[in-house]
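Participant: Structure, please.
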Amino acid sequence: MSEPGALLVVHAHPYPHTSRGCAALLESIADLPGLAVRRLYDVYPDFDIDVPAEQEALRGSRAVVWLHPLYWYSAPALMKHWFEKVLAVGFAFGEGGSALQGKPCLWVTTTGGGEYSPEGIHRHRFADFAPALEMTARYSGMRWQEPFVVHDVTGHSDDALRGRGQELRERLLALA
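Facilitator: Sure, this is the predicted structure:
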């Protein structure tokens, strides 16, 4: 796990060794200056999150990125558990909970196949699935950024995924 830096990426992929999309995105940003990556499933396979360590990493960052595949229209289980444990009262909200106040928060996610539209297999636009994550960031005092989404990862060539990785890299350079 990396030390806290200017840009904190909280990565949650339950099967990182089979990932193409998130892996390509991580590879494209790996050498950014001041980057710290918290690979939740590698560090917390038992879901026993070291809350003080995670909160310290957040305190030491200037911007926060949540990077994960979309699982059942939301974040994977460990990411949700991380939200519940780390973004606690007195830290992220409530009395004394201003540690994240004003920090930019960028949601980076990948999706499998299928069109996100009322006519498509998912029956909703992609934006309809964003409010829970957006409000988690906003309730924690962070400044929500326009999400970075790579749709239909299975339909992307490796070159196309590298191209999307370069787009993400540019977004993060502008954010940090």
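
Participant: now stretch 149-169, how far from the chain's geometric center?
Facilitator: In terms of C-alpha atoms, centre = their mean, to the nearest Å, the centre of stretch 149-169 is found 16 Å from the chain centre.

Participant: which parts of that stretch are buried?
Facilitator: 149, 150, 151, 153, 156, 161, 164, 165, 168, 169 (16 or more other C-beta atoms under 10 Å). For the C-beta atoms, the positions are set from N, CA and C on the backbone; glycine is no exception.

Participant: What ranges does the protein have for its strands?
Facilitator: 7-11, 35-39, 63-69, 104-110, 143-144, 148-150 (DSSP state E).

Participant: how much space between the one residue sitting closest to the centre of the chain and residue 121?
Facilitator: Residue closest to the average C-alpha location in the chain (C-alpha atoms, centre = their mean): residue 66, at 1.3 Å. Distance of residue 66 to residue 121, given as C-beta to C-beta, to the nearest Å: 25 Å.

Participant: so where's this structure shaky on pLDDT?
Facilitator: 1-5 (pLDDT under 70).

Participant: Which helix runs longest in it?
Facilitator: The residue-count maximum for a helix in the chain (DSSP state H) belongs to helix 158-175.
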